[in-house]
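Asks: Sequence plus predicted model, see below.
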Amino acid sequence: MSNEQEAKVQEVKQEAPLSFPIPFADHSLEMPETYEQLRQECPVARISMPYGGDAFLLTRHSDVAKAATDSRRCGTIKQSDGDVPRREAGNILGGKEESLFGVSDARHNQIRRLVTQAFTVKRANAMLPHVVEVTNELIDAMERKGPPADLFEDYAIKTPMAVICELLGIPSEDELLFREWGRAVLSVTLSTEEQQGIWMKMSQYIMPLIAKEQANPSDTVLGLLVKGHEQGDAVLTQGEMLSFALGLIVAGFETVSTTFTNSAFILLQRPELLAQLKERLDEPERLASAIEEVLRITPVGAGRPRIVREEIEFSETPVKPGEVVFLSFNAANYDESVFPHAKKVDFDRTSNPVLTFGRGIHACLGQQLARMELQALWSTLLKRWPEVRLAVAPSEVPWRPDDTLTFGPAHIPVVW
């Protein structure tokens, strides 16, 4: 290590660590200026996590992408890593040894290859007509009930749930049950024991569905998992199969619904952006470009942690094994060196390498489905209600309590 590098490490160590997560302004989804200052002045900043001690916060696009893709030197956190710096009172979501996050890279790739066919662009496009049908039915229901409507409760949460039900072959009437479980698993306040209790209840629900697939495998994701399991434990164990299904339920509808709700809060305050979005509704490529920009500017959570397995360097700052780095995808999506005029919303960006879905082998498996769902949600909404607007002032929009890994409005009351 050079003297200059050592000085940089010492400089970071001597500064009082920032308390994390860095708060957003009240009733705001605008990125705090602190992130920009850190990206310019201290891109590898020591932060004090709510549990387990200090970590390093990465805010530059290049550093976040490097940490996400170099899984050998910067890996996912496992239960065996112990009491590491983290946001959650209990174990980190996905840390279970048999989950996609807990297995070795080789094992992860083997499992991922098995289920990838359910999450391709082709599969997403094939599901689009059904999702559009669902969103139109939800608009019909809101119209029958009359204004104001809640774009979260009556629209955003129900659409991805319909997709998950179709993928897994589970009954839609259990939506509220899965919502309750999803919020609990993403909680930052529940203890490890409480989270284990939630996982146990979810497992007890899923196991009979797996048994049903074992008797008569279908083309659902559960069917694919069952077929993989039946090829032998070298392909897929029972625990891996169960953990994957549970993870899909949690991530598959909570993050999509939050992304749409948060983007609605942003765009409904910007009529000029809504007008630009409306112009693109019948042009798939232009609409896809706009949704990519929506994904770039819409914060959903604080990011993801990684643990350093072998010494690695970020922005010329070495980080030693055992240290935890926190990847701020939100901050990376505003890096001016990658996104010129990053604060400007530009639906026609020609280069838009967003990190919203992560990178590398642990990038979001369902990102193509998520993009498709967001396109359907926005397209149907603006075609049916071109004059949709907030029913209350932005400052009166109800906000979520700060108790889960996702954040933003709890409800989006609108009129049309």
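Replies: That came through fine. These numbers come from a predicted model, not from an experiment. Numbers count the residues shown, from 1 in each chain.

Asks: Give me the buried positions along stretch 198-215.
Replies: 198, 199, 202, 205, 206, 209, 210, 213 (16 or more other Cβ atoms under 10 Å). Every C-beta, even on glycine, is put in place using the N, C-alpha and C of the backbone.

Asks: now for these, which pair is the farthest apart?
Replies: Spatial extent of the buried residues of stretch 198-215 (Cβ to Cβ) is set by the pair 198 and 213 at 22.8 Å.

Asks: coming back round to it: wait, which of the buried residues of stretch 198-215 is closest to residue 79?
Replies: residue 199 (12.4 Å).

Asks: Just read off the phi/psi values of residue 304.
Replies: Here is the backbone geometry of residue 304 (degrees, to the nearest 10): phi -130, psi 140.

Asks: any chance you could map the helices in the chain?
Replies: 3-14, 33-41, 61-69, 105-115, 121-145, 158-168, 175-185, 192-215, 221-230, 238-267, 271-278, 284-297, 329-332, 367-384 (DSSP state H).

Asks: Against which helices or strands is the fourth one packed?
Replies: By that I understand helix 105-115. Applying 3 or more Cβ pairs under 8 Å, 6 or more residues apart in numbering; DSSP states H and E, one finds that helix 105-115 contacts helix 221-230, helix 238-267.

Asks: Could you say which one of those comes nearest to residue 82?
Replies: It's helix 238-267; of those, that one is closest to residue 82 (Cβ to Cβ) at 20.1 Å.

Asks: Packing partners of the closest one?
Replies: Using 3+ Cβ pairs under 8 Å, 6+ apart: helix 238-267 touches helix 105-115, helix 158-168, helix 175-185, helix 192-215, helix 221-230, helix 271-278, helix 284-297, helix 367-384.

Asks: between these, which gets nearest to residue 395?
Replies: Proximity to residue 395, assessed across the helices and strands packed on helix 238-267 by Cβ to Cβ, is greatest for helix 271-278 (17.9 Å).

Asks: what's the average pLDDT for that closest one?
Replies: Summarised as a single mean, pLDDT over helix 271-278 is 97.

Asks: so that helix versus helix 284-297, what angle?
Replies: 140 degrees (axes from the mean of the first three to the mean of the last three Cα atoms, to 10 degrees).

Asks: Between helix 238-267 and helix 271-278, find me the angle.
Replies: Counting by the same axes, to 10 degrees, helix 271-278 points 120 degrees away from the direction of helix 238-267.

Asks: any idea how far residue 349 is from residue 280?
Replies: 13 Å (Cβ to Cβ, to the nearest Å).

Asks: shared neighbours, these two?
Replies: Common contacts of residue 349 and residue 280, defined by Cβ atoms under 8 Å, 6 or more residues apart in numbering, comprise residue 289.

Asks: gap between residue 288 and residue 88?
Replies: From residue 288 to residue 88 the distance is 34 Å (Cβ to Cβ).

Asks: who has more neighbours, these two?
Replies: More crowded of residue 288 and residue 88, by other Cβ atoms under 10 Å: residue 88, with 23 against 14.

Asks: Check the gap between the more buried one and residue 61 for me.
Replies: Residue 88 is 26 Å from residue 61, by Cβ to Cβ.

Asks: what's near enough to touch the residue positioned nearest the centre of the chain?
Replies: Centroid-nearest residue in the chain: residue 255, 4.9 Å away (criterion: Cα atoms, centre = their mean). For residue 255, the contact set (Cβ under 8 Å, 6+ apart) comprises 300, 301, 370, 406.
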